[in-house]
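S.K.: Sharing a model prediction with you, sequence too.
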Amino acid sequence: MSDKDVIARHGLAKRFWEKKPLTKLNKTEWEALCDGCGKCCLNKLEDEDTGEVALTCVACRLLDDDTGLCSQYDIRHQFVPECIVMTPDNIDDHAYWLPQTCAYRLLWEGKPLHDWHPLISGTQASVHAAGVSMRHRTVSEFDTPLEQWEDHIIEEPL
């Protein structure tokens with residue numbers, strides 16, 4: 001298995017995320033913020049009363065457990081129409097449920113990226129080495145009935 005970075009991160013201005021607000025990032029810069037951890041592809045449970053969101057290790061049907069990445073990223077809506085595409089225009093509505101280590105959430109909260117983020121470390125392997133990725137840590141949503149998802153809640157941050 002390769003730790004080759006499939007997210008385009010070359011040719012970007014150095015530390016662009018510190019110089020531009022999220023709403024001013026171009027598509028390449030926006031996509032480059034994704035650390036490839038796979039946590040956004042995990043099913044979540046939200047408490048209707050408190051709004052608290054719990055992360056489970058129950059993976060979306062498209063998450064590849066061997067890579068920790070979406071196996072059909074470019075055409076994912078054909079298979080999972082409810083998949084939310086994070087954009088600068090909708091971050092305010094969705095940041096609350098993003099993983100605590102997510103670059104989009106961190107920057108939205110005014111916090112810095114972690115040292116293991118590929119934009120800082122220069123390698124996708126740092127996400128796995130830091131123990132942040134969900135690679136080899138998920139269970140299938142097909143094999144896990146909804147009533148058992150609570151048994152698969154994981155503590156954040158990983």
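M.R.: On my side now, so go ahead.
S.K.: Flag the helix or strand of the chain with the lowest per-element mean pLDDT.
M.R.: Least confident element among the helices and strands of the chain, by mean pLDDT, DSSP states H and E: strand 69-70 (a mean of 90).
S.K.: which is the next helix or strand following it?
M.R.: helix 76-79 (DSSP states H and E).
S.K.: any idea of the mean pLDDT in that next one?
M.R.: Average pLDDT, helix 76-79: 94.
S.K.: Give me the helices and strands touching it, please.
M.R.: The contact analysis (3 or more CB pairs under 8 Å, 6 or more residues apart in numbering; DSSP states H and E) places helix 76-79 against no helix or strand. In this view, the C-beta of every residue, glycine as well, is placed from N, C-alpha and C.
S.K.: List of residues touching that helix?
M.R.: With CB atoms under 8 Å, 6 or more residues apart in numbering as the contact definition, helix 76-79 has outside contacts at 61-62, 70, 72, 83, 85.
S.K.: helix or strand right after that helix?
M.R.: helix 91-94.
S.K.: sorry, back to before: got a ChimeraX select line for the buried ones in the contacts of helix 76-79?
M.R.: Provided next is the ChimeraX selection string for whichever of the contacts of helix 76-79 are buried by 16 or more other CB atoms under 10 Å:
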select :62,70,83
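S.K.: out of the contacts of helix 76-79, who's nearest Leu119?
M.R.: Cys70 (19.3 Å; CB to CB).
S.K.: need the contact list for the residue nearest the centre of the chain.
M.R.: For the chain, the residue sitting closest to the mean C-alpha position, by CA atoms, centre = their mean, is Cys40 at 3.8 Å. Residues counted as contacts of Cys40 (CB under 8 Å, 6+ apart) are 86, 98-99, 102.
S.K.: follow-up on the earlier one: quick check: neighbours of the least confident helix or strand of the chain in the sheet, parallel or antiparallel?
M.R.: For strand 69-70, sheet partners with direction are given as strand 63-64 (antiparallel), following DSSP bridges.
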